[in-house]
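A.B. asks: need coordinates for the following:
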Amino acid sequence: MNKFYKGYDHITASEPFKQRMVRTLQSETREETQQKTVRLPIRRRTLAILIAAAVLVLAIGTAAAATIIAKNYYSPSTYLMHDKDAREQNQNAVPDIEEAIASAKPETGSSSVIMLPEMKDADELNAWRQKMGQPVYSEEDWGWIREIRPEIEEVLVDGNALVFNVRLHTDHGMSFAFGHEGEGQHLDALCDDATIIFEKNGQRFEQQLGAGTGINTDSVSEDGATLYSEVELDLLSEPLPTEGPVQVTMTIGIYDKLVDDMAHIGELAYITYSFTFDASAGADIADPIVTERTLSGSIVLTPEDRNGREYNERVSLDGVVLEETLNFRSTGVYVTYRIKSAPEGWTDAHTLALMQPSFESAGHYGLTVACAPKGSANEDEILLPGYPSGSAGREYVGILPIFPSDYERVKAGDYEIRLGYRYVAAFNDTPVGEDWHIPPEAGVDYGYDLLTAEEPIASFDLKLP
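C.D. replies: Numbering: from 1, shown residues only. This is a model prediction of the structure:
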C-alpha cells in the first residue's frame, strides 16, 4: 500500500495570484485577426507537473544507454527544465528527444519593451511600491531592463504540450532570487501569456492562452537567466499543423520581488517577444493504433461525490469497453484510454474515477498503467508512464518512456500493457472497507492521510509500428 497526503487538494490560491489572474482577464483585448481568434483561460503549472519534475530528477540518474528503463515518469513538460549542457554532462539526454528539439529549428523574431511609467496604471503601481516600502520607479534604478535581449533557446513540442526556454540576456547583471535575502535588486520573470499563430488548410489561426512558467534557477548568471514556459495544446480549439512555421508571441513580465512575489503590483516592465518553430517537430512518426478493450470482473473504485469527498464502491466491469489509442512520437508512446461504452447503472462519477491517473509515485487512487515483458515481475523491467500537461479529465493519457530507437528492442521482449486500479484502503491509518465513505468530520482544511492498495484489471499486448 502507498500513502498519499490529501491536503494539497484544499489549498486555495494566494491573494497575489488572484490579483494576477484578475489582471490577466481584464487586460486589453488584442486586435482580432482576419480569420479566427480564440481567447482561452490561463492555467498555472499543476502540482502534478511539479511532482513529475522532482521524480524526473531522481529517475534520470542512470546512463542514457538504459533509455527505456531509466526514464520512468518522464514527460516533455519536465525535460527542458534541464538545459542541454546539463543533460549531456549527466548522460540524461534521450537521443530521440534531442532530435525532436533540433528539428523544431526555433528562430528569434521581434521584441519590444514597455516600462512602468508607460503603463496605464503607472500611478497605481508606484503607489503600491511606496505602500510596500519601496521607492517609486526611477530610470536610474530600473532603466537597464530596456536592454534585456530575449532569445529562444530550445523548443519541444508534442501533441499535448509546447515547452520552450527563452534566455534573457543582459549586460547589467541581475538577481532572480526566491526570497529577499541580500542587498540589491531581486527580480522575477513570468510569461504572462502566449499567442500562437499558424496557417492550416489556407486559413490563419491565432489563439491566446496562458503558460506555466518560471525562471530556471540553475540558469541564473551575471549575463542573464533562462525562462521556462509551457503551453497546454489541449486548450487549442484547432490542433497545431503537422508542418510549416508556427509563431509564438509571448508577454514576459519583469517583477520586483521586494514589492510582491507574483502580483501585478510588483511589475516593472513587460517585454513582448516572438519566435517561430517548425511544426513538423511534434508530428506523429507513425499512424495511431486504435483498439477496443472489453473489461470484465469487478474492482473497488474510489469515486468522489458531488462535494468532492471520496468513497469506496465495488463495481462490476462487465460491459465496460475501453477505447485504447496509441500515438507514436519522438517524445514517447502516448497511450489514451476512454470509456466507449458502459453498462446500465454506470455513472459519470464512475467514469471520472476510473479515468483518473493514479500518480503511482504519490500513491494516489486511480487507474494504474504499466508496461513490461509478459509475465515479468522484475521491477527493473517495468516501465511507468509520465503524464502530459493538461491530461486530466474524462480520459486517461500517459506517456510510456519508449522512444523510436527502442522499438526493436521492446518488440523482441514481447511487452504487454497492464491496467490496474488503486483504491483507498485506509483513512488516517485505519483500514476501510469496500463501502467506505469519508467521515463528515474529516479535516479537509488541513489534509488527511490515505493509504491505497491496487487491484489488477487486465493486460494487453503492446503494439508498436
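A.B. asks: could you use CA atoms for every contact and neighbour count after this?
C.D. replies: Noted.
A.B. asks: dump stretch 141-157 to PDB, restricted to CA.
C.D. replies: Extracted C-alpha coordinates of stretch 141-157, given in PDB (Å, rounded to 0.1, in the frame of the first residue of the first chain):
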ATOM      1  CA  ASP A 141      17.400  52.200 -10.900                       C
ATOM      2  CA  TRP A 142      15.500  50.300 -13.500                       C
ATOM      3  CA  GLY A 143      16.200  51.700 -17.000                       C
ATOM      4  CA  TRP A 144      18.600  48.900 -17.700                       C
ATOM      5  CA  ILE A 145      15.700  46.500 -18.100                       C
ATOM      6  CA  ARG A 146      15.100  48.100 -21.500                       C
ATOM      7  CA  GLU A 147      18.300  46.400 -22.700                       C
ATOM      8  CA  ILE A 148      17.300  42.800 -21.900                       C
ATOM      9  CA  ARG A 149      17.600  40.800 -25.000                       C
ATOM     10  CA  PRO A 150      15.300  37.700 -25.200                       C
ATOM     11  CA  GLU A 151      16.400  34.800 -27.400                       C
ATOM     12  CA  ILE A 152      14.700  31.400 -27.900                       C
ATOM     13  CA  GLU A 153      17.000  28.600 -26.900                       C
ATOM     14  CA  GLU A 154      15.000  25.300 -27.200                       C
ATOM     15  CA  VAL A 155      11.500  24.200 -28.200                       C
ATOM     16  CA  LEU A 156      10.000  20.800 -27.600                       C
ATOM     17  CA  VAL A 157       6.500  20.200 -29.000                       C
END
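A.B. asks: quick check: buried residues in it?
C.D. replies: Neighbour-count burial for stretch 141-157 flags 145-146, 148-157 (criterion: 16 or more other CA atoms under 10 Å).
A.B. asks: for it, give the mean pLDDT please.
C.D. replies: In this model, stretch 141-157 carries a mean pLDDT of 95.
A.B. asks: figure out the helix or strand that the residue of the chain most remote from its centre lives in.
C.D. replies: Distance from the C-alpha centroid of the chain, by CA atoms, centre = their mean, peaks at Glu140 (38.9 Å). Per DSSP states H and E: Glu140 is located in helix 139-142.
A.B. asks: starting at the chain centroid, how far to the next helix or strand after that helix?
C.D. replies: Proceeding N to C from helix 139-142, the next assigned helix or strand is strand 149-157, under DSSP H and E. Strand 149-157 sits 17 Å away from the centroid of its parent chain (CA atoms, centre = their mean, to the nearest Å).
A.B. asks: I'd like the next helix or strand past strand 149-157.
C.D. replies: strand 161-169.
A.B. asks: residues in contact with the closest residue to Val136 other than its chain neighbours?
C.D. replies: Nearest non-adjacent residue to Val136, counting by CA to CA, 6 or more residues apart in numbering: Asn126, 5.2 Å away. When contacts are counted by CA atoms under 8 Å, 6 or more residues apart in numbering, Asn126 touches 135-137.
A.B. asks: quick one: which of those residues is most hemmed in?
C.D. replies: Neighbour counts for the contacts of Asn126 (other CA atoms under 10 Å) peak at Tyr137, which has 19 neighbours.
A.B. asks: state the distance from the residue lying closest to it once chain neighbours are set aside to Leu162.
C.D. replies: Using CA to CA, 6+ apart and skipping residues adjacent in sequence, the residue nearest Tyr137 is Asn126, 6.5 Å away. Between Asn126 and Leu162 the computed distance is 35 Å (CA to CA, to the nearest Å).
A.B. asks: for Leu209, same thing?
C.D. replies: Shown here: Leu209 relative to Leu162, a distance of 12 Å by CA to CA.
A.B. asks: spit out the residues that contact these two alike.
C.D. replies: Val231.
A.B. asks: still on that earlier bit, which strand or helix spans the residue nearest to Val136?
C.D. replies: helix 122-131.
A.B. asks: for that helix, give the mean pLDDT please.
C.D. replies: 96.
A.B. asks: burial measure for Pro439, as a count.
C.D. replies: By other CA under 10 Å, the residues close to Pro439 number 11.
A.B. asks: any stretches of the stretch 101-250 of the chain with poor pLDDT?
C.D. replies: Within the stretch 101-250 of the chain, the segments meeting pLDDT under 70 span 174, 176-182.
A.B. asks: one more: the stretch 251-400 of the chain?
C.D. replies: For the stretch 251-400 of the chain (pLDDT under 70), the answer is 262, 360-363, 389-392.
A.B. asks: just the strands in it please.
C.D. replies: 267-278, 286-294, 298-301, 313-316, 321-329, 332-341, 366-373, 395-400 (DSSP state E, counting those that start in this stretch).
A.B. asks: any chance of those strands in JSON lines, with distance to Val259 and mean neighbour count too?
C.D. replies: As requested, the strands of the stretch 251-400 of the chain are arranged in JSON lines below (distance: least, CA to CA, whole Å; neighbours: other CA atoms under 10 Å):
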{"stretch": "strand 267-278", "distance to Val259": "9", "mean neighbour count": "22"}
{"stretch": "strand 286-294", "distance to Val259": "50", "mean neighbour count": "14"}
{"stretch": "strand 298-301", "distance to Val259": "47", "mean neighbour count": "20"}
{"stretch": "strand 313-316", "distance to Val259": "50", "mean neighbour count": "16"}
{"stretch": "strand 321-329", "distance to Val259": "44", "mean neighbour count": "20"}
{"stretch": "strand 332-341", "distance to Val259": "43", "mean neighbour count": "20"}
{"stretch": "strand 366-373", "distance to Val259": "42", "mean neighbour count": "23"}
{"stretch": "strand 395-400", "distance to Val259": "40", "mean neighbour count": "25"}
